[in-house]
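Engineer: Here is a sequence together with a model predicted from it:
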Amino acid sequence: MRLSRYFLPILKETPKEAEIVSHRLMLRAGMLRQQSAGIYAWLPLGYRVLMKIQRIVEEEQNRAGAVELLMPTIQSADLWRESGRYEAYGKEMLRITDRHERDMLFGPTNEEMITDIFRSYVRSYKDLPLNLYHIQWKFRDEVRPRFGVMRGREFLMKDAYSFDLDQESARHAYNRMFVAYLRTFDRMGLKAIPMKADTGPIGGDLSHEFIILASTGESEVFLNKDILDLPIPAEDTDFDSDLSPIITDWTTPYAATDEMHDEEAFAAVGDDKQVSARGIEVGHIFYFGTKYSEPMGAKVTNSEGVEVPVHMGSYGVGVSRLMAALIEANHDDDGIIWPMSVAPFHVGLINMKPGSEADEACESLYKQLEAAGVEVLYDDRDTRAGAKFAGMDLIGLPYQVIVGPRGLKTGEVEVKNRATGEREMLSPEAAAEKLIAAVRTQS
RNA sequence: CGGGGCAUAGCGCAGCCUGGUAGCGCAUCUGGUUUGGGACCAGAGGGUCGCAAGUUCGAAUCUUGCUGCCCCGACCA
């Protein structure tokens, strides 16, 4: 992409409403624009990152055996009356009346709708297990939206729903999502820690929040630092095998949010291993048994010919919130530092002097990299060098290539690693090779 | 939902107390000089002062109502 033809409205000054660093940087880097309290337009650069996060989530969901579909944002109130949640959900639910005076709502979540879809088609235990998910905009009319997309009213969420014959197989479905989540966040370069969460009226121990450590996090967390070094399940993990050993490894070291915190158990961890910090919740998995299947009649016939309600679980990832969490975890004074896997572009190519011999060198490098699948943002604008450097650092692409008459005198271009600040002078060929290799290994 | 605050050019702000020609910095446009880490000089364009009503000869400024937004606290992907 040529910057001269792109839409990247970078702000030099920080908008006053932005309190936390991720919100500030998203606004400054031209990724986001607020349209209303807690409601945002995703500008081109922000949208690219959002789609990259979404793709990773999809790949890992698919790998774990979940099947993607897409449900609407607007739902009929009737379904929610069936589950009893239309009255129970309260003011967080945005209620809408259509021209025929029908009660509609902007979905805050989709348990009712997915249960309706399931019960309309599935009759036999032979069709289980089943896990259906979608990635769709949700709306929750928060009392106080804040921190940009960290707590917006409209947000993009992945929500998966599992259907199983009994609690035992539902636990396996749960474990699959647990492993998928470990992999998903790891692929974005995030350390997400599963923590036991409140299960509400259902009880049991099958609910975990996945929390990323960040000083701006909304909740206080306590953990045994051993959990930070646990290995992430590999890409070739067999999701049909017994995953419980992995779950055991990850749930044994102490890790809890403040509402589940147990001082005594935490003390037993030992002073040298205790970590108390703040965290951002980016995922939440939940087993809720027959809470929806029973009232809504989602039943299958089992091997004995008896109709039984299915056991369900739901599994959420805050896709838009992840973008904020990623920036909270990856930035410095100059701006964002994207991990390769979610970077809006892999490389920023800076033409130091348009109209000079740098043009030709840039063009050929640009074409070569793009042809090799490297996503390049080519700054071909005729502006001052300082503005280009500052802008490139701000938007945080993993690598910058600086091409100008000075380096070309010796036939070289400069390659800068945004994260480490490391720079090296290379021939254009060597630079291209290095960048192509870096993109292949890191994304 | 309780408490606090803000609304004036695209962005950041001053002006309001004490009513009288709407201003500053950045950004934008034009010309020139510059050009490897957010340049300089000169000039130009851009405003129903959030909306509505009231007081007044006269309202950005005073009064009332409304709307929007932000911050702190209790609640949530």
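Structural biologist: Perfect, thanks for sending it. Numbering: from 1, shown residues only, chains lettered A, B, ... in the order given.
Engineer: Checking the closest residue to RNA strand B within the stretch 151-300 of chain A next. Helix, strand or coil?
Structural biologist: Closest contact between the stretch 151-300 of chain A and RNA strand B, by Cβ to the nearest atom of the strand, is at A:Phe155 (3.3 Å). Glycine gets a C-beta too; all of them are placed from N, C-alpha and C. Three-state call for A:Phe155 (DSSP: H, G, I helix; E, B strand; the rest coil): strand.
Engineer: Distance check, the residue in the stretch 1-150 of chain A positioned nearest to RNA strand B against A:Arg151.
Structural biologist: Residue nearest to RNA strand B within the stretch 1-150 of chain A: A:Ala37 (3.4 Å; Cβ to the nearest atom of the strand). With distances taken as Cβ to Cβ, to the nearest Å, A:Ala37 is found 11 Å from A:Arg151.
Engineer: Comparing the two, which residue is more hemmed in?
Structural biologist: Just comparing A:Ala37 and A:Arg151: by other Cβ atoms under 10 Å the higher neighbour count belongs to A:Arg151, 17 against 11.
Engineer: How about the contacts made by A:Leu190?
Structural biologist: Shown in contact with A:Leu190 (Cβ atoms under 8 Å, 6 or more residues apart in numbering): A:Ile212, A:Val282, A:Leu322, A:Ala325, A:Leu326, A:Ala329.
Engineer: Sort out which of those are buried, if you could.
Structural biologist: A:Ile212, A:Val282, A:Leu322, A:Ala325, A:Leu326, A:Ala329 (16 or more other Cβ atoms under 10 Å).
Engineer: And the helix or strand hosting the second one, how far out from the chain middle?
Structural biologist: Take DSSP states H and E as the rule and A:Val282 turns out to sit in strand A:274-289. Using Cα atoms, centre = their mean, to the nearest Å, we find the averaged C-alpha position of strand A:274-289 to lie 14 Å away from the chain's own average C-alpha position.
Engineer: Now do the buried residues in that strand.
Structural biologist: For strand A:274-289, burial by neighbour count (16+ other Cβ under 10 Å) applies to A:275, A:278-289.
Engineer: Hmm, A:Ile337 and A:Asn330 touching each other?
Structural biologist: Yes - A:Asn330 lies in contact with A:Ile337 (Cβ atoms under 8 Å); the separation is 4.6 Å.
Engineer: Mutual contacts of these two, please.
Structural biologist: In terms of Cβ under 8 Å, 6+ apart, A:Asn330 and A:Ile337 are both contacted by the residues A:Gly396.
Engineer: Report the set of residues contacting both of A:Ala37 and A:Arg151.
Structural biologist: With Cβ under 8 Å, 6+ apart as the test, A:Ala37 and A:Arg151 both reach A:Pro145.
Engineer: Output the set of residues of the stretch 101-250 of chain A in proximity to RNA strand B.
Structural biologist: Proximity of the stretch 101-250 of chain A to RNA strand B, by Cβ under 7 Å from any atom of the strand, involves residues A:140, A:142-147, A:149-152, A:155, A:157, A:209, A:218.
Engineer: Contacts for the lowest-mean-pLDDT helix or strand in chain A, please.
Structural biologist: The weakest-scoring helix or strand in chain A, judged by mean pLDDT, DSSP states H and E, is helix A:85-88 (a mean of 88). Applying Cβ under 8 Å, 6+ apart, the external contacts of helix A:85-88 come out as A:Ala77, A:Trp80, A:Arg81, A:Asp103, A:Leu105, A:Glu112.
Engineer: quick one: contacts for the closest residue to the last one other than its chain neighbours?
Structural biologist: With Cβ to Cβ, 6 or more residues apart in numbering as the criterion, A:Glu112 has its nearest non-adjacent residue at 4.2 Å, and that residue is A:Leu79. With contact taken as Cβ under 8 Å, 6+ apart, A:Leu79 is in contact with A:Glu112, A:Met113, A:Asp116, A:Met296.
Engineer: A:Leu79: what secondary structure?
Structural biologist: Using three-state DSSP, the structure places A:Leu79 in helix.
Engineer: Flag every buried residue along the strand or helix carrying A:Gln368.
Structural biologist: Take DSSP H and E as the rule and A:Gln368 turns out to sit in helix A:358-371. The neighbour-count check on helix A:358-371 (16+ other Cβ under 10 Å) flags A:Ala358, A:Ala361, A:Cys362, A:Leu365, A:Tyr366, A:Gln368, A:Leu369 as buried.
Engineer: Equivalent analysis for stretch A:386-402, please.
Structural biologist: Within stretch A:386-402, the residues scored as buried using 16+ other Cβ under 10 Å are A:388-389, A:391-402.
Engineer: Narrow those residues to those in helices?
Structural biologist: Taking DSSP state H, the ones among the buried residues of stretch A:386-402 that sit in helices are A:Lys388, A:Phe389, A:Gly391, A:Met392, A:Asp393, A:Leu394, A:Ile395.
Engineer: Which one of the residues you listed is nearest to RNA strand B?
Structural biologist: The closest of those to RNA strand B turns out to be A:Phe389 (Cβ to the nearest atom of the strand; 3.3 Å).
Engineer: Return the distance of the closest one relative to A:Asp334.
Structural biologist: Per Cβ to Cβ, A:Phe389 is found 9 Å from A:Asp334.
Engineer: Find the residues that touch each one of the two.
Structural biologist: With Cβ under 8 Å, 6+ apart, A:Phe389 and A:Asp334 have no common neighbours.
Engineer: pretty sure A:Val403 is in contact with A:Ala361, am I right?
Structural biologist: Yes - counting by Cβ under 8 Å, A:Val403 sits close enough to A:Ala361 to count as a contact (5.1 Å).
Engineer: Please enumerate the shared neighbours of these two.
Structural biologist: The contact sets of A:Val403 and A:Ala361 overlap at A:Val413, A:Pro428 (Cβ under 8 Å, 6+ apart).
Engineer: contacting residues around the helix or strand hosting A:Val439?
Structural biologist: Element membership for A:Val439 (DSSP H and E) is helix A:428-442. Identification of contacts with helix A:428-442 by Cβ under 8 Å, 6+ apart yields A:339-341, A:346-347, A:361, A:364-365, A:368-369, A:372-374, A:398-399, A:401, A:403, A:411-413, A:415, A:426.
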